[in-house]
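A.B. asks: Sequence plus the predicted model coming up.
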Amino acid sequence: MVTVILTIRLDIPGIGSLKEKRRILKSLITKLRNDFNISIAEVGNNDVLRSATIGAAVVSNNSSFGHQVISKVVNKIEASPDVLIADYSTEVY
């Protein structure tokens, strides 16, 4: 069993309230969870207005499948018009 973990720091430009931030993140997280069957949540910068840290995990039989899924998740986030990727990292356990 292999677990691939993604930690991604996002910038959310052009928002004016934490309520708006939560709406954007909730929508993004729900889409990613439904599209890729991953565990995902906001894990940091909860009270920072224009920044968020999201953690996602994939459990698989082999690491190559896990890396493929994580790569697709990153690509999907990059295509989102509401957020910008500031930084991300992956870990394999």
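C.D. replies: Cool, got the structure.
A.B. asks: distance of the residue positioned nearest the centre of the chain from Asp82?
C.D. replies: The centroid of the chain falls nearest to Ile54 when counting by CA atoms, centre = their mean (4.6 Å). Separation of Ile54 from Asp82 (CB to CB, to the nearest Å): 13 Å. Every residue, glycine included, has its C-beta placed from N, CA and C.
A.B. asks: sec struct for Val48, please.
C.D. replies: coil (DSSP: H, G, I helix; E, B strand; the rest coil).
A.B. asks: Ile85: how many residues sit nearby?
C.D. replies: If you count neighbours by other CB atoms under 10 Å, Ile85 ends up with 13.
A.B. asks: Could you report the pLDDT at it?
C.D. replies: Predicted confidence (pLDDT) for Ile85: 97.
A.B. asks: What strands line up against the helix or strand where it lies, and which way round?
C.D. replies: Applying DSSP states H and E as the criterion places Ile85 in strand 84-92. Using DSSP bridges, the strands paired with strand 84-92 are strand 2-11 (antiparallel).
A.B. asks: tell me the secondary structure for the residue lying closest to Ile24 once chain neighbours are set aside?
C.D. replies: Distance criterion CB to CB, 6 or more residues apart in numbering; nearest residue to Ile24, sequence neighbours excluded, is Asp82 at 4.8 Å. Recorded secondary structure, Asp82: coil (three-state DSSP).
A.B. asks: Please tell me how far Asp82 sits from Leu25.
C.D. replies: 9 Å.
A.B. asks: what is in contact with these two at once?
C.D. replies: Ile12 (CB atoms under 8 Å, 6 or more residues apart in numbering).
A.B. asks: Tell me, please, where in this protein the pLDDT is lower than the cut-off.
C.D. replies: The chain contains no residues with pLDDT under 70.
A.B. asks: Val92 and Ala57 touch, don't they?
C.D. replies: No: applying CB atoms under 8 Å as the test, Val92 and Ala57 come out as separate, 10.8 Å apart.
A.B. asks: shared neighbours, those two?
C.D. replies: Common neighbours of Val92 and Ala57 (CB under 8 Å, 6+ apart) are 3-5.
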